[in-house]
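**Student:** Starting from these lines, generate the structure:
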Amino acid sequence: MNKKAKILVVEDENDINKLLCTILQNKGYVTRGAFSGSEALMCVENEEWHMILLDLMIPGICGEEVILKIREITKAPVIIVSAKTSKKTKLELLEKGADDFICKPFDPDEVVARVNSNLRRYLQFSVHKELKNEESFLKFKDISLNMESKEVKVGQNIVVLTSREFAILQLLLTNPKKVYSKSNIFESVWGEEFLGDDNTVNVHMSRLRNKLSRINNTNYIETIWGMGYKLIK
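**Tutor:** A predicted model of the protein is given here:
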């Protein structure tokens with residue numbers, strides 16, 4: 001993993017912001033603190049970041065709106081760091097484009113583990129040398145996926161995906177005839193053991209399906225009940 005990855009930490013409480021930055025700097029990451037929604041968006045617009053850690057309760061533009069605006073700019077993973085821990089909140093944030101969730105108060109080891117896991121997946125699609133033995137493009141019908149630029153198109157229309165959505169689509173495109181179970185998808189994309197809670201996969205798959213079909217009202221992903229998902233012939 002590229003230990004010089006740049007991580008933006010968005011947290012208005014100075015002590016917590018500093019703590020998160022220190023935890024990540026001690027692991028070799030380059031960090032910068034932002035203390036409001038508007039400052040966070042300015043940073044994202046003006047610099048390239050490999051990950052954003054985002055608190056929800058920030059001044060100015062709220063965290064939920066910041067997620068939506070970030071997704072218009074970058075596919076970099078967004079990890080929410082928040083005391084809002086209800087299942088409903090987590091699902092809503094996934095819908096808006098978040099990739100993962102760390103509950104406050106947080107454990108430093110969990111922060112590092114989740115950052116490493118998300119960055120490992122994201123950088124796999126970002127670093128050209130990891131793709132040197134693969135084709136740069138995957139295609140299915142009028143969907144094209146560029147693994148080098150991380151760009152997805154339906155026809156000539158660009159579809160903006162999160163890093164998780166991109167990874168799921170890439171997995172499906174590598175073998176269009178295969179039915180991928182939820183455990184296949186979760187363990188391949190999240191890099192963790194699947195423990196039976198399929199809400200995360202369901203939410204990401206629903207978002208991906210909607211984004212692809214929005215262009216021309218065509219459904220590309222089929223649900224095989226009791227088995228999983230596959231691309232529609």
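**Student:** can you give me the strands in this protein?
**Tutor:** Counting by DSSP state E, the chain forms strands over residues 6-10, 30-34, 51-54, 78-82, 100-103, 137-140, 143-146, 151-154, 157-159, 221-224, 228-231, given from the N-terminal end onward.
**Student:** okay, those in a markdown table with mean neighbour count and distance to Val44 next?
**Tutor:** In short, each C-beta sits where N, CA and C put it, glycine included. Supplementary listing: the strands of the chain in a markdown table, determined by neighbours: other Cβ atoms under 10 Å; distance: least, Cβ to Cβ, whole Å:
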| stretch | mean neighbour count | distance to Val44 |
| --- | --- | --- |
| strand 6-10 | 24 | 7 |
| strand 30-34 | 19 | 9 |
| strand 51-54 | 26 | 7 |
| strand 78-82 | 23 | 10 |
| strand 100-103 | 17 | 18 |
| strand 137-140 | 15 | 27 |
| strand 143-146 | 19 | 22 |
| strand 151-154 | 18 | 18 |
| strand 157-159 | 14 | 18 |
| strand 221-224 | 14 | 29 |
| strand 228-231 | 20 | 31 |
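**Student:** among the ones you listed, which is nearest Glu187?
**Tutor:** Ranking the strands of the chain by proximity to Glu187 (Cβ to Cβ) places strand 228-231 first, at 12.3 Å.
**Student:** What separation do you get for Thr74 and Asn46?
**Tutor:** 12 Å (Cβ to Cβ, to the nearest Å).
**Student:** Between those two, tell me which one has more neighbours.
**Tutor:** Thr74 (19 against 7; other Cβ atoms under 10 Å).
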